[in-house]
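Undergrad: predicted model and sequence below, questions to follow.
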Amino acid sequence: MKRLNIDEYMKRRIDRWIKRANRNCFGDPKDTMYTGGTPLFNERTGERLDRYRYILDRHPELWYGIDRQRGAK
């Protein structure tokens, strides 16, 4: 998985994908339930994840779509 900076362009693309795909704000199916109420906090380690990093880790195909669209600009 690439570890690129997630800039505002990428964030907007991800947010549009979430809306079009009818996903929750974490990119998961709308009815997904999380221990502790969020997938962004690991209660065991105390680690907090960035929302966009979480989405891209779970949906790596979004990197490629964003990269292709950027190249076409």
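TA: Cool, got the structure.

Undergrad: so what touches the helix or strand encompassing D57?
TA: Using DSSP states H and E, D57 sits in helix 51-58. With CB atoms under 8 Å, 6 or more residues apart in numbering as the test, helix 51-58 has contacts from 1, 6, 10-11, 14, 18, 25-28, 39-40, 62-63. For every residue, glycine as well, the C-beta is placed using N, CA and C.

Undergrad: stretch 34-42 now?
TA: Defining contact as CB under 8 Å, 6+ apart, one finds that stretch 34-42 is touched by F26, D28, E43, E47, R48, L49, D50, R51, Y54.

Undergrad: rank the residues you listed by pLDDT and give me only the lowest.
TA: The lowest pLDDT within these belongs to E43, which sits at 85.

Undergrad: so it sits in a helix?
TA: No - E43: not assigned to a helix; according to DSSP: H, G, I helix; E, B strand; the rest coil it is coil.

Undergrad: skipping its backbone neighbours, what lies nearest it in space?
TA: Nearest in space to E43, with sequence neighbours left out and distances taken as CB to CB, 6 or more residues apart in numbering, is G36 at 5.3 Å.

Undergrad: looking at the protein, which helix or strand is least sure?
TA: Between all helices and strands in the chain, the lowest mean by mean pLDDT, DSSP states H and E belongs to helix 61-71, at a mean of 66.

Undergrad: centroid residue for the protein?
TA: Nearest to the mean C-alpha position of the chain, by CA atoms, centre = their mean, lies I55 at 2.0 Å.

Undergrad: distance of it relative to G36?
TA: 18 Å (CB to CB, to the nearest Å).

Undergrad: other SSEs contacting the helix ranked longest in the chain?
TA: Longest helix in the chain, counting residues (DSSP state H): helix 8-20. Judged by 3 or more CB pairs under 8 Å, 6 or more residues apart in numbering; DSSP states H and E, helix 8-20 is in contact with helix 51-58, helix 61-71.
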